[in-house]
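Student: I'll drop the sequence and a predicted model, then ask my questions.
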Amino acid sequence: MSVYKVHQFTYNDDNYGFLLIDTQTGQTAAIDAGCDKSYLDALAHTGYQLTHIFITHHHWDHTDGLGALKEATNATIYAPKNTKQAIAAMADILVEDGDRISFGAHDIQVIATPGHTLDMMNFYLAEAGLLFGGDSLFVLGCGRLFEGDGPMMWDSLCKLLALPDETLVYSAHEYAASNAAFAEVIEPDNAALMARIADIKTAREKNLPTVPSTIGQERETNPFCRADKPELQAHFGRGEHNSADIFTEIRRRKDVF
């Protein structure tokens, strides 16, 4: 039976990189490839050989080191089917929503969540309860809408919120402190949110990561995930509420916060 572990590390100002390791077979996957040196250092630290590279989307801070990492390891690159041409040209296998990738004794499910970009993919290992979401879902936040729109992103988040509460969410940036300041304004009466903000403040004062979180935590405290909740909708003072519209307004307010 496969036993998985995750090695998490930082690069750039606020990016997180991850190695997903099957300790039984030694198969090792890099989630994105934003900085080849950081990923190669992580591989040297763990002692594993890279076999897979999973690209969540085309943005530079997730792909800049892809060519060099491929050259150094010859790992198989999996990239979104509708990604930018330069990334697709480097990929060995192009994936889309619903695809499954064999990894160890289990499969990794590909979940498309367009909104931040149109090619955004998540890599979900159900048996281990692990989700690598790129820039889809953050601690108390979500990705800015560079290519999609509000209803598209809300539908995408709903896909992720349907996963089990205990699912660990490995998001690609440390944005918790700024997201917490905004969330407190949007839903000041949410006691669970206030407790979580206190925990985030403590963690960041000690320079500790707030990633991973869980689907359950985000469902309970992340305003972007709560656009369908009456208690949050009441904050906007509206009668009949459309969840996608509420989400869109929350995202608009965060963009200018």
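Tutor: Noted; the coordinates are in hand.
Student: can you give me the strands for the protein?
Tutor: Counting by DSSP state E, the chain has strands at residues 4-11, 15-22, 28-31, 52-54, 76-80, 93-95, 100-103, 106-112, 121-125, 130-134, 137-138, 141-142, 168-171, 213-214.
Student: among those, which comes closest to Pro188?
Tutor: In terms of C-beta to C-beta, the element of the strands of the chain nearest to Pro188 is strand 141-142, at 17.0 Å. Placement of C-beta: from N, CA and C, glycine included.
Student: mind putting the strands of the chain into CSV with mean pLDDT and mean neighbour count?
Tutor: Listed next are the strands of the chain as CSV, based on pLDDT from 0 to 100; neighbours: other C-beta atoms under 10 Å:
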stretch, mean pLDDT, mean neighbour count
strand 4-11, 97, 16
strand 15-22, 97, 22
strand 28-31, 98, 26
strand 52-54, 98, 26
strand 76-80, 98, 22
strand 93-95, 98, 16
strand 100-103, 96, 16
strand 106-112, 96, 20
strand 121-125, 98, 25
strand 130-134, 97, 25
strand 137-138, 98, 26
strand 141-142, 98, 27
strand 168-171, 98, 22
strand 213-214, 98, 20
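Student: between these, which one is closest to Ile87.
Tutor: strand 76-80 (5.2 Å).
Student: out of the strands of the chain, which comes closest to Asn242?
Tutor: strand 141-142 (17.7 Å).
Student: what lines up beside that closest one in the sheet?
Tutor: In the sheet, strand 141-142 lines up against strand 137-138 (antiparallel) (DSSP bridges).
Student: since that was my last question, I'll sign off now.
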